[in-house]
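> sequence first, predicted coordinates after that:
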Amino acid sequence: MESPGISFPGFFLSLWTGKAVFLKKIFKNMLPKKVETALNAQIEIEAESSQFYLAMASWAECNGLPGVAEFLYAHSDEERMHMLKLVKYVNERGGHAVIPALSQPPKTFKDLHFVFEKLLQHEILVSAEINKVVDVCLREKDYSTHNFMQWYVSEQIEEEALARTIMDKLRMIGNDKGGMYLFDRDIQTLTANTAGGPANKA
Ligand code: OFO
């Protein structure tokens, strides 16, 4: 009488098929190469942003603007957190997050208007770069990363809006020294608000 169940070769065949399916699942879930490259480029951009805002913070601190300095130090920390979030995501998905070399940011800035004008321009540029990453995700059909990147899309909308609000305030103040003093004091409220914002809830 034949023993019930699976034969010896059949057993190995099913084992191999199971393994193949398992491996296929793992590779299917791995980061597509083009997405990995795009995310590594974004890691560099976030790191450069952090460095750029750190240079602005240091300049503000050396120029009697402690409130602005505090705001920019916090903003620099946020950008570093954005970079780390990407680093961890790339590695978790089986890619390799590359930690980039950074270029020297400017040491001095003409004035506060110039600082925030640059900050707004930089945020607009970052938003465009994030959209490029989202575009690569869609082309590569990587819906997990597409989903992950939506956090950055929302974050950029908030950051651009904040930079525009600050620019509006500065335009109203013009070169009025008293106004500038109050601005430096009030921006600390913005620091407190952004510190509890979505960037730090991630
Ligand atoms: Fe990374 O959030 Fe702006 O740049």
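Now that the structure is in, tell me what you want to look at.
> what does the chain have sitting close to the ligand?
Residues of the chain lying close to the ligand by C-beta under 6 Å from any ligand atom are Glu46, Ser49, Glu79, His82, Glu123, Val126, Glu155, Gln156, Glu159. Bear in mind the C-beta positions are built from the backbone N, C-alpha and C, glycine included.
> and of these, the nearest to His96?
Closest approach to His96 among the residues of the chain next to the ligand (C-beta to C-beta): Glu46, at 16.8 Å.
> and whichever helix or strand that closest one is part of, what's its mean pLDDT?
Using DSSP states H and E, Glu46 falls within helix 33-62. When pLDDT is averaged along helix 33-62, the result is 98.
> any idea how far the residue nearest in space to the middle of the chain is from Lys169?
Geometric centre of the chain, nearest residue: His82, 3.4 Å, by C-alpha atoms, centre = their mean. Distance, His82 to Lys169, by C-beta to C-beta, to the nearest Å: 25 Å.
> domain ranges for this protein?
Listed by automatic domain parsing, the domain ranges of the chain are 1-30, 31-199.
> do a quick rundown of the helices in this structure.
8-28, 33-62, 66-92, 112-139, 143-173, 177-195, 198-201 (DSSP state H).
> what angle sits between the fourth one and helix 143-173?
Put plainly, it is helix 112-139. 160 degrees (axes from the mean of the first three to the mean of the last three C-alpha atoms, to 10 degrees).
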